[in-house]
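Student: Fold the following.
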Amino acid sequence: MKTIAWFDDLAVGMKFKSGEARITAPEMKRFAAEFDPQPMHLDEDAAAKTFFKGLAASGWHTASIGMRLLVETRPFGDHPIVGIGGGVRWLAPVRAGDVLHIEGEIESLTPSKSKPQGTVNMKWTMYNQDGLAVYAFTPMTIVPCRPE
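Tutor: Model (predicted):
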């Protein structure tokens, strides 16, 4: 995995892979209690009676983990990840004990006509320890061009 510092150095098809994040039931419940207090995220017995058939991380918790892994991957070097839009898809439940990582690929690059920057469209997919895709997100990110 190569760390790139400038929009000018990026190419369609470039791939990135993150480190791993292990998910625990206490952290799933803590996140859910604060941000998504639904039974399938908070209580094993109640969760067993839901569509998920067991405790599942909030999708927003999953998205937050994906963002952390993206930032730690540093696909644009020291530049911050500045998003201007995108989409998300939850593909499978994330469970306590899962070990997650993300893989990303640049799908398109659009240089700005008026600013020294460009827009990078990427597809990131999060996988669990079994290789099952659990989450996908497609952020549009602003990356600066190399100073002249």
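Student: So which elements touch the one helix or strand Leu70 maps to?
Tutor: For Leu70, the host element (DSSP states H and E) is helix 59-73. Using 3 or more CB pairs under 8 Å, 6 or more residues apart in numbering; DSSP states H and E as the contact test, the elements touching helix 59-73 are strand 21-22, helix 25-35, strand 82-90, strand 99-111, strand 117-127, strand 133-144. For glycine as for every other residue, the C-beta is placed from the backbone atoms N, C-alpha and C.
Student: shaky segments in this protein?
Tutor: When the per-residue scores of the chain are filtered using pLDDT under 70, the ranges that remain are 1-3.
Student: Can you tell me, leaving aside adjacent residues, what's nearest to the residue most central in space within it?
Tutor: In the chain, the C-alpha nearest the mean C-alpha coordinate belongs to Gly66, at 2.7 Å (CA atoms, centre = their mean). Taking CB to CB, 6 or more residues apart in numbering as the measure, Gly66 lies nearest to Met126, with 5.2 Å between them; neighbours along the chain are not counted.
Student: The one you found bridge partners, please.
Tutor: When assigned by DSSP bridges, Met126 has beta-bridge partners Ile102, Tyr135.
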